[in-house]
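Chemist: what follows is a predicted structure for the sequence shown.
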Amino acid sequence: MHLKEILELVVAKKASDLHITIGEPPIIRIDGDLIHTDFPTLSADDTKALIYGILNDSQKVRFEEDLELDLSLYIPGISRFRVNVHQQKGCVEAAFRTIPMDIPHIDTLGLPEIAKELARKPTGLVLITGPTGTGKSTTMAAMVDLINRERRCLIISAEDPIEYLHTNKNSIIKQREIGSDTHSFSAALKHVLRQDPDVLLVGEMRDLETISTTITAAETGHLVISSLHTPDAAQTIDRLIDVFPPAQQKQVMVQLAGCLQGVMAQILFPLKSGTGRAVATEVMIGTAGVRNVIREHKTHQIPTLIQTGSQYGMHSMDHSLKQLVLDGKVSYSEIVGYIKDPDVLRDIPDSLKEDEGEEGVAADIEGVEPEKEKKKGFGRRFKKNR
């Protein structure tokens with residue numbers, strides 16, 4: 001068994017992720033579901049051999065020192081992958097995320113029109129948020145590509161690792177990878193202002209120092225696009241403030257209120273058709289009212305401002321979820337657990353609340369009957385886990 005043939009299957013099945021873990025065959029994620037492949041079960045020696053086969057000597061040393069490693073992997077003729085190598089019960093394991101070779105056009109992602117307006121802002125902070133695996137990197141890449149096509153500017157990114165590869169169009173793009181081109185997000189951001197940037201892409205705001213330097217960069221007349229693992233706009237603001245010591249929080253509230261352009265949270269749901277996923281979003285725009293509640297740390301008022309701010313392009317996650325069901329894109333059973341306001345459920349007709357089941361979806365994946373699929377060994381599903 002070679003990693004290349006496993007990754008070929010990942011791409012052929014349009015899987016988003018591959019998991020190499022002991023005691024199981026390679027496992028792939030298709031439209032949010034974890035599915036066993038029909039490769040042999042992996043031992044600890046198997047997983048280490050597969051994973052160490054893609055690492056160079058310096059990466060092996062870094063992994064053995066830190067027990068964690070992020071890298072990007074390009075397999076010619078197949079695709080690019082974001083890889084996280086880690087240990088579990090003393091065994092080497094890895095998670096691979098498929099990165100399409102082509103950057104999708106922002107109009108093809110199902111995002112609200114306001115996403116393009118946020119990308120066109122000349123200055124300030126734009127945040128794309130959501131759980132892991134909800135397409136944040138794709139959204140940010142599409143926004144940067146829009147800037148690259150429409151503006152003549154210098155774009156500098158700090159990514160861990162570099163995912164989508166951009167080429168210069170109307171803009172110049174410099175992509176810096178943590179670990180190989182710079183030591184950390186905070187180190188890159190400390191020096192980036194001397195590199196004459198117009199737009200900054202910060203792959204992820206992970207810690208206090210990165211958050212602090214990102215906010216400072218957004219205050220200095222640059223457009224900064226970044227991401228956080230927060231589920232909605234209110235929790236995003238709370239996270240940004242609470243990471244700082246109490247003595248600094250008032251200052252951070254003032255900084256955020258002054259530079260925040262918008263927050264877009266997103267979640268992906270499997271389509272009713274059985275192939276592909278649809279995005280649900282929540283959008284908060286930095287209006288005068290939003291800036292005031294941030295400055296006063298009254299984030300509990302943010303949901304109300306979002307609900308009443310449709311004229312500015314704002315909408316709640318509940319609104320987006322309801323619309324996906326009304327449009328027939330996503331089944332009611334998929335979204336019901338994510339709805340916060342029970343009144344939203346009453347707006348959905350009973351005819352759309354019927355569950356279609358999963359057998360048709362399973363058959364679509366492999367093109368065979370579900371019963372045959374189980375005999376073949378491909379398509380055995382875990383409990384749904386997005």
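Modeler: That came in fine, so what should we check first?

Chemist: could I get the full set of strands for the stretch 101-250 of the chain?
Modeler: For the stretch 101-250 of the chain, strands defined by DSSP state E, counting those that start in this stretch occupy the ranges 124-129, 154-159, 172-177, 199-202, 223-228.

Chemist: what about the closest residue to Glu204 other than its chain neighbours, neighbour count?
Modeler: Distances taken as Cβ to Cβ, 6 or more residues apart in numbering put Ser227 closest to Glu204, at 5.4 Å, once the chain neighbours are dropped. Where C-beta positions appear, they are placed from N, C-alpha and C, glycine not excepted. Counted with other Cβ atoms under 10 Å, residues neighbouring Ser227 total 21.

Chemist: identify the residues contacting Ser227.
Modeler: Listed by Cβ atoms under 8 Å, 6 or more residues apart in numbering, the contact set of Ser227 reads 127-129, 136-137, 140, 202-205.

Chemist: how near is it to Phe39?
Modeler: Counting by Cβ to Cβ, to the nearest Å, the gap from Ser227 to Phe39 is 33 Å.

Chemist: domain parsing for the protein?
Modeler: 3-101, 106-315 (automatic domain parsing).

Chemist: which residues sit against stretch 40-51?
Modeler: 1, 3, 6, 20-26, 85, 90-94.

Chemist: could you rerun that using 6 Å?
Modeler: 3, 20, 22, 25, 85, 91-94 (Cβ atoms under 6 Å, 6 or more residues apart in numbering).

Chemist: which residue, neighbours along the chain excluded, lies closest to Lys340?
Modeler: Asp318 (5.8 Å).

Chemist: distance of the most centrally placed residue in the chain relative to Leu228?
Modeler: Residue closest to the average C-alpha location in the chain (Cα atoms, centre = their mean): Lys136, at 2.8 Å. With distances taken as Cβ to Cβ, Lys136 is found 9 Å from Leu228.

Chemist: and if you look at Lys169?
Modeler: Going from Lys169 to Leu228 by Cβ to Cβ gives 28 Å.

Chemist: just want to know which of these two has more residues nearby.
Modeler: Using other Cβ under 10 Å, the more surrounded residue of Lys169 and Leu228 is Leu228, with 20 against 14.

Chemist: filter the contacts of stretch 40-51 down to the buried ones.
Modeler: Buried subset of the contacts of stretch 40-51 (neighbour count, 16 or more other Cβ atoms under 10 Å): 3, 20, 22, 25, 85, 91-94.

Chemist: helix or strand for the residue nearest to Lys340, which one?
Modeler: Asp318 belongs to helix 317-326 when assigned by DSSP states H and E.

Chemist: what helix or strand is Arg62 on?
Modeler: Taking DSSP H and E as the definition, one finds Arg62 inside helix 57-66.

Chemist: return the helix or strand in the protein with minimum mean pLDDT.
Modeler: The least trusted helix or strand in the chain, going by mean pLDDT, DSSP states H and E, turns out to be helix 370-376, with a mean of 37.

Chemist: tell me if Ala15 really is in a strand.
Modeler: No: under DSSP: H, G, I helix; E, B strand; the rest coil, Ala15 sits outside any strand and is assigned coil.

Chemist: now do the end-to-end distance for stretch 131-138.
Modeler: From its first residue to its last, stretch 131-138 covers 14 Å (Cα to Cα, to the nearest Å).

Chemist: equivalent analysis for stretch 263-277, please.
Modeler: Using Cα to Cα, the span of stretch 263-277 from its first residue to its last is 22 Å.

Chemist: and stretch 87-107, by the same measure?
Modeler: Stretch 87-107 has an end-to-end distance of 39 Å (Cα to Cα).

Chemist: which parts of that stretch are buried?
Modeler: In stretch 87-107, counting by 16+ other Cβ under 10 Å, buried: 91-99, 103, 106.

Chemist: Val262: which element?
Modeler: Just so we're on the same page, residue 262 is Gly rather than Val. Assigning secondary structure by DSSP H and E places Gly262 in strand 260-270.

Chemist: packing partners for that strand?
Modeler: strand 124-129, strand 277-285 (3 or more Cβ pairs under 6 Å, 6 or more residues apart in numbering; DSSP states H and E).

Chemist: list the contacts of the shortest one.
Modeler: In this case it means strand 124-129. Strand 124-129 has contacts (Cβ under 6 Å, 6+ apart) with 118, 136, 139-140, 218, 224-228, 230, 236, 259-265.

Chemist: who does it pair up with?
Modeler: Strands that pair with strand 124-129, judged by DSSP bridges, come out as strand 223-228 (parallel), strand 260-270 (parallel).

Chemist: for the closest residue to Asp238 other than its chain neighbours, what are its contacts?
Modeler: Nearest residue to Asp238, sequence neighbours excluded (Cβ to Cβ, 6+ apart): Thr299, at 5.5 Å. Taking Cβ under 6 Å, 6+ apart, we find Thr299 in contact with 234, 237-238.

Chemist: off-centre distance for stretch 266-283?
Modeler: A distance of 13 Å separates the centroid of the chain from that of stretch 266-283, by Cα atoms, centre = their mean, to the nearest Å.

Chemist: in it, which residues are buried?
Modeler: 266-272, 274, 277-283.

Chemist: grab the nearest non-local neighbour of Thr21.
Modeler: Distances taken as Cβ to Cβ, 6+ apart put Glu93 closest to Thr21, at 4.9 Å, once the chain neighbours are dropped.

Chemist: so the one you found versus Phe39, what's the distance?
Modeler: 15 Å.

Chemist: now Lys353
Modeler: Counting by Cβ to Cβ - Lys353 and Phe39 are separated by 39 Å.
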